[in-house]
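A.B. asks: coordinates only, no sequence provided:
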């Protein structure tokens with residue numbers, strides 16, 4: 001099955017999804033994309049629980065917030081499943097995880113994910129996104145601590161986004177507005193329709 005056939009089949013079967021390539025996320029969405037990713041390889045496909053905050057400072061989809069389904073659901077082996085049945089098998093494997101995806105798409109669900117996954121907050125890009133999420137959740141002081149912790153280790157372009165949010169906490173113009181501008185920029189960059 002080609003990537004385009006997989007996308008078409010999944011979207012026709014489950015109208016709850018929007019997509020970017022083989023990232024399938026629950027629609028409508030707010031600040032967090034949550035759903036599933038089908039990572040196609042020559043010998044099979046890995047199935048991921050996908051989470052991505054639209055205010056992520058990297059501005060590109062990545063799997064840092066995500067995790068594969070637990071073994072043995074995590075890999076669709078073409079030795080066991082005909083490649084032409086990939087979409088059906090992918091949907092079969094994710095169906096039991098859709099309620100979790102709905103929970104992860106909320107701001108509180110995203111904060112809980114960051115806090116519960118061991119080592120996740122050791123990554124400076126994730127620290128910055130977590131800080132932004134805290135600010136959106138009106139936890140400005142704690143959000144500021146995470147942004148300040150991340151800044152020294154971030155590349156210059158990422159650092160500028162964090163500084164804009166920090167300046168917003170000082171009222172120039174507003175931290176939440178700066179985060180929503182970052183989100184709008186990411187939606188344009190990623191070509192995801194809201």
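C.D. replies: Arrived safely. All of these numbers come straight from a predicted model, not from anything done at the bench.

A.B. asks: okay, CA-based contacts and neighbour counts for the rest of this
C.D. replies: Fine.

A.B. asks: tell me the domain boundaries of this protein?
C.D. replies: Domains of the chain are assigned by automatic domain parsing as 3-104, 107-190.

A.B. asks: tell me which residue is most central in the protein.
C.D. replies: residue 52 (1.2 Å; CA atoms, centre = their mean).

A.B. asks: returning to that earlier point: can I get the domains of the chain in TSV including mean pLDDT?
C.D. replies: TSV is the format used below for the domains of the chain (pLDDT from 0 to 100):
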stretch	mean pLDDT
domain 3-104	96
domain 107-190	93
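
A.B. asks: which residues sit against the host helix or strand of residue 86?
C.D. replies: Element membership for residue 86 (DSSP states H and E) is helix 86-94. With CA atoms under 8 Å, 6 or more residues apart in numbering as the test, helix 86-94 has contacts from 1, 6, 7, 9, 10, 36, 38, 47, 73, 76, 81.

A.B. asks: could you pull out the helices for the protein?
C.D. replies: Taking DSSP state H, the helices of the chain run over residues 3-13, 86-94, 98-104, 107-116, 124-136, 140-150, 156-169, 175-190.

A.B. asks: check the ones you listed for me and report the most buried one.
C.D. replies: Ranked by mean neighbour count under mean count of other CA atoms under 10 Å, the helices of the chain are led by helix 124-136, which reaches a mean of 24.

A.B. asks: quick revisit: show me the one of the helices of the chain that comes nearest residue 19.
C.D. replies: Residue 19 lies closest to helix 3-13 among the helices of the chain, at 8.0 Å (CA to CA).

A.B. asks: gap between that closest one and the chain center?
C.D. replies: Chain-centre distance of helix 3-13: 20 Å, with CA atoms, centre = their mean, to the nearest Å.

A.B. asks: and if you look at stretch 186-194?
C.D. replies: 13 Å.

A.B. asks: which residues sit against it?
C.D. replies: 19, 20, 28, 29, 54, 55, 56, 59, 60, 61.

A.B. asks: give the residue farthest from the middle of the protein.
C.D. replies: Max distance from the centre of the chain (CA atoms, centre = their mean): residue 79, 30.2 Å.
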